[in-house]
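# no sequence for this one, just the structure:
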């Protein structure tokens, strides 16, 4: 149908494995478009029918190029307008003036802004007086819903990139500190920490050792998707007490796979997970520990698991993503 440039200022490796990139690309291709992936400005071809950009932080040049050629530009992602619950984070309001201007101009010049966070959609639409914004959330791949997981194992899981700032944002150090309490109270468990290696890996390993959890906690690093699905199959609880989440895709995928999820009511998490997660106050290590103990001690509620799956499927299915893109990316 049309030649669409998918531009993202990220590594090709990440673009090929991160679910939010992959499923948008796949949806555009399944609609019938030819998709050309670029992660550098110089790679953008001179001839295209549209540019589909991930993240507003690097969108201005591709948007301007599309505008000069009379072609539409679409921008998607989490905007991160404000982090009221997490003072350490760099949200839009904390960025330098020149960055805020470029991001705002990009939004104004784009044919459409596909905002995956409902809170960002509301805030940006109001603050920038936008008429070209659409709430188009991330989607969850069909394979997650297909996992049959009603086992009440002692296996816990977390998936977080091991950059130091990201580990703090995701509350991973809080998980380790909470599990020390769980262990001291005599409960058995096993936690797998997965995710791409980063500059926080050493601090994470040290925290595990300091808390004496070498036998209970394993930092397995980056994993392939098949391993991720197997890990979800064998786990019972997904712990993600983040200080901020623009959407909470990893938690949603875990819930779709049948895991019980411990999360914080920050950012867009409650909109994403509804009332199907077990919520804790971010940074409250004692409460995190108590909720882990509670879930380790209780029986699986199969009907609640299935209800959570239905809730997520109604909002974030791959077919809904295709429908959203068809209605917005009209070429």
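That came through fine. Note that the structure is predicted; figures quoted are calculated from it, not measured.
# Tell me who's in contact with the residue lying closest to residue 294 once chain neighbours are set aside.
Leaving aside its chain neighbours, residue 294 sits nearest to residue 278 (7.6 Å; criterion: Cβ to Cβ, 6 or more residues apart in numbering). (Glycine included, C-beta is placed from N, CA and C.) Counting by Cβ atoms under 8 Å, 6 or more residues apart in numbering, residue 278 makes contact with 260, 261, 262, 263, 291, 294, 295.
# Could you save those as CSV and add columns showing neighbour count, distance to residue 50 and secondary structure?
Listed next are these as CSV, based on neighbours: other Cβ atoms under 10 Å; distance: Cβ to Cβ, whole Å; DSSP: H, G, I helix; E, B strand; the rest coil:
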residue, neighbour count, distance to residue 50, secondary structure
260, 25, 41, strand
261, 23, 36, strand
262, 26, 40, strand
263, 28, 36, strand
291, 21, 45, helix
294, 12, 49, helix
295, 19, 46, helix
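# Same list (those) but as CSV, adding distance to residue 228 and pLDDT.
Output for the contacts of residue 278, formatted as CSV (distance: Cβ to Cβ, whole Å; pLDDT from 0 to 100):
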residue, distance to residue 228, pLDDT
260, 18, 96
261, 16, 97
262, 19, 98
263, 18, 98
291, 24, 98
294, 26, 96
295, 21, 95
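# Tell me the bridge partners for the residue nearest to residue 294.
Counting by DSSP bridges, residue 278 forms beta bridges with residue 262.
# same question, residue 239
With DSSP bridges as the criterion, residue 239 is bridged to residue 262.
# you'd agree it is up against residue 288?
Yes. Shown here, residue 239 and residue 288 form a contact pair, counting by Cβ atoms under 8 Å, at 7.4 Å.
# can you name the two of the contacts of residue 278 that are farthest apart?
263 and 294 (14.2 Å; Cβ to Cβ).
# Name the helix or strand for residue 311, please.
If you go by DSSP states H and E, residue 311 is part of helix 302-316.
# Return the set of buried residues in that helix.
Buried residues in helix 302-316, counting neighbours by 16 or more other Cβ atoms under 10 Å, are found at 305, 308, 309, 311, 312, 313, 316.
# Are there helices or strands packed against that helix, and which ones?
helix 142-145, helix 249-256 (3 or more Cβ pairs under 8 Å, 6 or more residues apart in numbering; DSSP states H and E).
# With residue 163 as the reference, name the closest of those.
Closest among the helices and strands packed on helix 302-316, using Cβ to Cβ: helix 249-256, at 14.8 Å.
# Angles on the backbone of the residue nearest to residue 219 when sequence neighbours are not counted, please.
Ranked by Cβ to Cβ, 6+ apart and with sequence neighbours excluded, the top spatial neighbour of residue 219 is residue 193, at 4.6 Å. Dihedral pair for residue 193: phi -100, psi 110, per degrees, to the nearest 10.
# Assess the claim that residue 242 and residue 261 are in contact.
No. Here residue 242 lies out of contact with residue 261, judged by Cβ under 8 Å, at a distance of 11.3 Å.
# returning to that earlier point: got a list of contacts for the helix holding residue 311?
Contacts for helix 302-316 (Cβ under 8 Å, 6+ apart): 137-140, 145, 149-150, 252, 255-256, 258, 260, 272-274, 276.
# Show me what counts as buried in the helix or strand harbouring residue 27.
Using DSSP H and E, residue 27 sits within helix 19-31. Judged by neighbour count (16+ other Cβ under 10 Å), helix 19-31 contains these buried residues: 19, 20, 21, 23, 24, 25, 26, 27, 28, 31.
# what's the answer for stretch 202-213, then?
Buried residues in stretch 202-213 (16+ other Cβ under 10 Å): 204, 207, 208, 211, 213.
# Can you tell me which of these is nearest residue 160?
Among the buried residues of stretch 202-213, and counting by Cβ to Cβ, the member closest to residue 160 is residue 204, at 9.3 Å.
# That closest one sits in which helix or strand?
helix 201-210.
# tell me which strands and helices that helix is in contact with?
Using 3+ Cβ pairs under 8 Å, 6+ apart: helix 201-210 touches helix 164-169, helix 172-184, strand 217-221.
# what's the angle between the last one and helix 201-210?
Right, the one you point to is strand 217-221. 170 degrees (axes from the mean of the first three to the mean of the last three Cα atoms, to 10 degrees).
# which residues are contacting strand 217-221?
162, 176, 179, 190-197, 201, 204-205, 208.
# Quick check: nearest residue in space to residue 223, chain neighbours excluded?
Nearest one to residue 223, counting by Cβ to Cβ, 6+ apart, is residue 194 at 4.9 Å.
# Nearest approach to residue 282 belongs to which of the helices and strands packed on helix 201-210?
helix 172-184 (7.9 Å).
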